[in-house]
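Asks: pasting the structure only:
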């Protein structure tokens, strides 16, 4: 699956399950690790864990499995690595601490078509 389409699918899943501040950042010109980062927040640790589970389950239904995942059980910050797309799902406090949007994004790097504010 093309990386942009994969990122859009992840964003749709996150939005469907009421994730907050879903953002896609094109990092393809900044790193070889991935083409896109998808970043989202949950309102609480249980909501964050539920978002992680929903993304994992929905992607599995279309035959896409993460190469690796970290932090899934804690619910503060999880990373689901789908190769060209890396998904970061935070609780609010952890997202503010790491500021991935500021580290990786800029006006030309954030793909506004898949960014949402709830």
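Replies: Perfect, I can see it now. Since the model is a prediction, treat every value here as computed from it, not as a measurement. Numbering: from 1, shown residues only.
Asks: Who are the contact partners of residue 52?
Replies: The contact partners of residue 52, by CB atoms under 8 Å, 6 or more residues apart in numbering, come to 69, 72, 75, 78, 80, 89. C-betas here are computed from N, CA, C, even on glycine.
Asks: Just the closest of those residues to residue 36, please.
Replies: Among the contacts of residue 52, residue 80 lies closest to residue 36 (CB to CB), at 12.4 Å.
Asks: ok, so what distance separates that closest one from residue 23?
Replies: 15 Å (CB to CB, to the nearest Å).
Asks: Residue 79 now?
Replies: If you go by CB to CB, the gap between residue 79 and residue 23 works out to 15 Å.
Asks: neighbour count winner among these two?
Replies: residue 23 (22 against 17; other CB atoms under 10 Å).
Asks: now for whatever helix or strand the more buried one lives in, which elements pack on it?
Replies: If you go by DSSP states H and E, residue 23 is part of strand 20-26. Under the contact criterion of 3 or more CB pairs under 8 Å, 6 or more residues apart in numbering; DSSP states H and E, strand 20-26 touches helix 3-16, strand 36-42, helix 100-104.
Asks: partners of the second one in the sheet?
Replies: Which is strand 36-42. Strand 36-42 has the following strand partners under DSSP bridges: strand 20-26 (antiparallel), strand 85-91 (parallel).
Asks: Low-confidence bits of the chain, can you list those?
Replies: Low-confidence segments of the chain, defined by pLDDT under 70: 1, 75, 93-118.
Asks: Looking at it, which helix is longest?
Replies: Looking across the chain with DSSP state H, the single longest helix is helix 45-61.
Asks: Strand partners (parallel or antiparallel) of the helix or strand that that one is followed by?
Replies: Heading C-terminal from helix 45-61, the first helix or strand you meet, by DSSP H and E, is strand 68-70. Strand 68-70 has the following strand partners under DSSP bridges: strand 77-81 (antiparallel).
Asks: Now do the buried residues in the strand it pairs with.
Replies: For strand 77-81, the neighbour count (16 or more other CB atoms under 10 Å) marks 77, 78, 79, 80 as buried.
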